[in-house]
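got a predicted structure plus its sequence, pasted below:
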Amino acid sequence: MIRNIHISNYALIESLEVDFASGFNIITGETGAGKSIILGALSLLMGGRADLRAVRDNSRKSVIEAQFELADAPAATAILAENGFDSGDGMCILRRELLPGGRSRAFVNDTPANLQQLRQVAIALVDIHSQHQNLQLASGEYQLEIIDSIAGNAGLLEQYHGLYAAYRRALGEFTRTREMIRRNGAQAEYIEYQYRQLAELELKPGESATLERERTLLADIGDIKTRIRKVLDPLSENPSNALASIRQALAAMESLAAHTAEAAEETTMDIANLAERLQSARAEVADIAESLAAFDAGVDADPERLEEIDARLADIYSMESKHHVRSTDELIALAEGMRQQLETLADSDATISALETAARRAKKAAVIVANELSERRAKAAEALAAELRATAMPLGLPNLRCEFTFSRGKLGSEGYDQVLFLAAFNKNQALMPVGTTASGGEISRLMLALKSIVASRMQLPSLIFDEVDTGVSGDIAVRMAQMMAAMASGMQVITITHLPGVAAMGRRHFKVFKQDNENSTTTRVRQLAPKEREAEIALMLSGDSTDEASLGAARALLAQAEGASNK
């Protein structure tokens, strides 16, 4: 249930905080006081579109936040877990922020969320019924949604949605492939000609880059050999080369070692170690010279090979230009694609047949579940119509007749069914679509009866009614209040009302009012104490909160409501 709502910097609201109770909560206030503003703010927590014009001060962010208890909301708890939102303390906090500059942010338990996630959690926690929803009663989509709720079709619908999506994918693949085969069939000879050209090249991965490196080497062979000689000559080939000089130094080092052997104890110089290091240097220089000489011997000018490389590269470059690609690898990938196209075309009848069979099988699987949905819906609709008549009759609709009729359309995202809700409110009146036959008051009572039935099935923690009692009065209003109070025995109900009989039934009563100062008007909310409730209901009865007769009538209404709740 909703424990607390906080709204700041939104429309006429500077800062507002309301703590709701379980059971039946009442909100009253004069027209224009700001009740609809509060509902508008709450709709943002349901993923509604943000209207930045509603921000009171554009230099600051607007915040709408609600805190929910999860003890009576297993569906919401499961959704939080699925999306990775922590709910270890048994609470859920939904927050929407409208930022200066036009952006908005959403949070679930202080974790950033997208609007789809926010809405998914919110609709499992609270249902807001506004007068706009009365118009929805005429919508076939809404009627089907209600029937599915009554039928308990959530799991079956999830299964159907998966099967229908698989069918649409299979059908799409079949349609695209058939069109591709038709389109490419006319170009088969040209595709085969292009593929043959590429296949005859016998391209290898990375070939053009390898050839370009080899060509650079062959083109620069003269300069390379000259530079090799400049290294080899001083190392090993000139009369006074480095190797010869090192050998002479080694001989001199041996003589030096012999003359210093007797004085080895008196000198700090380790001649033998120096001789070993010089010998290592000679071996290293000799190895470098031998390796470079071997490289020199293997590098020869080869004009024929250079010509061959140039011709090969010319063929590759020509194909790259023709097919608008930049590498051998891309040409190889292109050829592979052409090969697959030709294989598909060669076996086109079998390919199309296999894809068509797959699409038919996928549709058959979806149809089986769609038919099951239709059967369950028909049974649920019949039971719902009977229950709706029984529930709505005490609300001043004694002659109500209603039924749901189904027609079979094309297989769609919700199955085959198209539903039409027909009703008649008077004797000898023909059944007609509910949107064309009912008055505003009749629609309000019908919607309350429908919500009463649905709420008991869906186990929603909280339900908010926005003036669902519009267009009714007297005994009917009392009965509507009693119905909402009965609903509140198993869930939290918050009702915005103008009727004193409804207001008296509430467990907790809040008043929305405007407060003016020198510079601005602000909407505020206050929970009413018992005496304040009497005055508020008296005001609703007669327009005078101090009139003794009205106060007496208010006390009587409150006592009557108290007695009814204790039964």
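That came through fine. Numbers count the residues shown, from 1 in each chain.

list the buried residues in stretch 532-546.
Neighbour-count burial for stretch 532-546 flags 533-542, 545 (criterion: 16 or more other CB atoms under 10 Å). The C-beta positions use only the backbone N, C-alpha and C, and glycine is treated the same way.

show me the contact partners of it.
With contact meaning CB atoms under 8 Å, 6 or more residues apart in numbering, stretch 532-546 is reached by 28, 498-500, 503-504, 509, 511, 528, 547, 549-551, 553-555, 557-558.

so what's the closest residue to residue 123 other than its chain neighbours up against?
Spatially, and ignoring its direct neighbours in sequence, residue 123 is nearest to residue 46 (6.6 Å; CB to CB, 6 or more residues apart in numbering). If a contact means CB under 8 Å, 6+ apart, then residue 46 has 118-119, 122-123, 126, 128 as its contacts.

can you do 10 Å?
By CB atoms under 10 Å, 6 or more residues apart in numbering, residue 46 lies in contact with 94, 96, 115, 118-119, 121-123, 125-128.

quick one, helices of the stretch 151-300 of the chain?
154-185, 188-201, 207-219, 221-232, 242-259, 271-298 (DSSP state H, counting those that start in this stretch).

looking at these, which is nearest to residue 455?
helix 154-185 (15.6 Å; CB to CB).

what's the closest one packed up against?
Helices and strands touching helix 154-185, by 3 or more CB pairs under 10 Å, 6 or more residues apart in numbering; DSSP states H and E, are helix 140-151, helix 188-201, helix 328-346, helix 348-392, strand 401-412, strand 415-424.

next, residue 482: phi, psi?
Dihedral pair for residue 482: phi -60, psi -40, per degrees, to the nearest 10.

does it touch residue 493 like I think?
No - taking contacts as CB atoms under 10 Å, residue 482 lies outside contact range of residue 493: 12.0 Å.

give me the common contacts of the two.
Common neighbours of residue 482 and residue 493 (CB under 10 Å, 6+ apart) are residue 505.

name the residue in those two with the higher neighbour count.
The residue with more neighbours, out of residue 482 and residue 493, is residue 493; 27 against 18, by other CB atoms under 10 Å.

returning to that earlier point: can you redo the helices of the stretch 151-300 of the chain as TSV with distance to residue 519 and mean pLDDT?
Output for the helices of the stretch 151-300 of the chain, formatted as TSV (distance: least, CB to CB, whole Å; pLDDT from 0 to 100):
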stretch	distance to residue 519	mean pLDDT
helix 154-185	51	90
helix 188-201	77	85
helix 207-219	75	82
helix 221-232	87	74
helix 242-259	96	80
helix 271-298	90	81
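
any idea which of those helices gets closest to residue 362?
Residue 362 sits nearest to helix 154-185 of all those, at 3.9 Å, using CB to CB.

what are the buried residues along the closest one?
Residues of helix 154-185 classed as buried: 156-157, 159-160, 163-164, 166-168, 170-171, 174, 177, 181, 184 (neighbour count, 16+ other CB under 10 Å).

again with stretch 325-333
By neighbour count on 16+ other CB under 10 Å, the buried set for stretch 325-333 is 328-329, 331-332.

how far off centre is stretch 292-309?
Computed by CA atoms, centre = their mean, to the nearest Å, the chain-centroid distance of stretch 292-309 equals 62 Å.

and the contacts of that stretch?
For stretch 292-309, the external contacting residues (CB under 10 Å, 6+ apart) are 210-212, 214-219, 221-222, 224-225, 228-229, 231-232, 235-237.

can you rerun that using 6 Å?
Contact with stretch 292-309 is made by 211, 215, 218, 221, 228, 231-232, as judged by CB atoms under 6 Å, 6 or more residues apart in numbering.

what about the helices and strands packed on helix 154-185, which gets the closest to residue 257?
Residue 257 sits nearest to helix 328-346 of all these, at 61.8 Å, using CB to CB.

let's see the closest one as PDB, backbone CA atoms only.
C-alpha atoms of helix 328-346 as PDB (Å, rounded to 0.1, in the frame of the first residue of the first chain):
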ATOM      1  CA  THR A 328      41.400  -8.700 -50.000                       C
ATOM      2  CA  ASP A 329      39.500  -9.900 -46.900                       C
ATOM      3  CA  GLU A 330      36.500  -7.900 -47.900                       C
ATOM      4  CA  LEU A 331      36.600  -9.400 -51.400                       C
ATOM      5  CA  ILE A 332      36.800 -12.900 -49.800                       C
ATOM      6  CA  ALA A 333      33.700 -12.100 -47.600                       C
ATOM      7  CA  LEU A 334      31.900 -10.700 -50.700                       C
ATOM      8  CA  ALA A 335      32.600 -13.900 -52.700                       C
ATOM      9  CA  GLU A 336      31.400 -16.000 -49.800                       C
ATOM     10  CA  GLY A 337      28.100 -14.100 -49.700                       C
ATOM     11  CA  MET A 338      27.700 -14.600 -53.500                       C
ATOM     12  CA  ARG A 339      28.400 -18.300 -53.000                       C
ATOM     13  CA  GLN A 340      25.700 -18.500 -50.400                       C
ATOM     14  CA  GLN A 341      23.300 -16.600 -52.600                       C
ATOM     15  CA  LEU A 342      23.900 -19.000 -55.500                       C
ATOM     16  CA  GLU A 343      23.400 -22.000 -53.200                       C
ATOM     17  CA  THR A 344      20.100 -20.600 -52.000                       C
ATOM     18  CA  LEU A 345      19.000 -19.900 -55.500                       C
ATOM     19  CA  ALA A 346      20.100 -23.400 -56.600                       C
END
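
mind giving me the packing neighbours of that helix?
Contact partners of helix 328-346 among helices and strands, from 3 or more CB pairs under 6 Å, 6 or more residues apart in numbering; DSSP states H and E: helix 188-201.

circling back: may I see the helices of the stretch 151-300 of the chain organised as CSV, with distance to residue 372 added?
Listed next are these as CSV, based on distance: least, CB to CB, whole Å:
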stretch, distance to residue 372
helix 154-185, 7
helix 188-201, 46
helix 207-219, 60
helix 221-232, 81
helix 242-259, 93
helix 271-298, 79
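
do you know which of these lies nearest residue 461?
Residue 461 lies closest, by CB to CB, to one member of those: helix 154-185, at 16.8 Å.

what's the strand or helix carrying residue 8 in contact with?
Using DSSP states H and E, residue 8 maps to strand 2-10. Residues outside strand 2-10 that contact it (CB under 6 Å, 6+ apart) are 13, 15-20, 41, 54, 56-57, 60, 62-69, 462.

rewinding a little: which pair in the buried residues of stretch 325-333 spans the largest distance?
329 and 331 (7.3 Å).

okay, and for this structure, where does confidence drop off?
Residues of the chain that meet the criterion pLDDT under 70 lie in 131-136, 185-186, 219, 222, 261-269, 298-302, 438, 456, 458-459, 564-567.

report the central residue of it.
residue 116 (5.7 Å; CA atoms, centre = their mean).

now it: which helix or strand?
If you go by DSSP H and E, residue 116 is part of helix 115-122.

would you mark the buried spots in that helix?
For helix 115-122, the buried set under the neighbour-count rule, 16+ other CB under 10 Å, comprises 115, 117-122.

off-centre distance for that helix?
Distance, stretch centre to chain centre, for helix 115-122: 9 Å (CA atoms, centre = their mean).

can I get that helix in CSV? Just the C-alpha atoms.
C-alpha atoms of helix 115-122 as CSV (Å, rounded to 0.1, in the frame of the first residue of the first chain):
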residue,chain,number,x,y,z
LEU,A,115,10.2,4.8,-17.6
GLN,A,116,9.2,1.3,-18.7
GLN,A,117,10.7,-0.2,-15.5
LEU,A,118,9.1,2.5,-13.4
ARG,A,119,5.7,1.9,-14.9
GLN,A,120,6.1,-1.9,-14.6
VAL,A,121,6.6,-1.6,-10.9
ALA,A,122,4.0,1.1,-10.3
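
give me the next element, helix or strand, following that helix.
Once the chain leaves helix 115-122, the next helix or strand it forms, by DSSP H and E, is strand 126-129.
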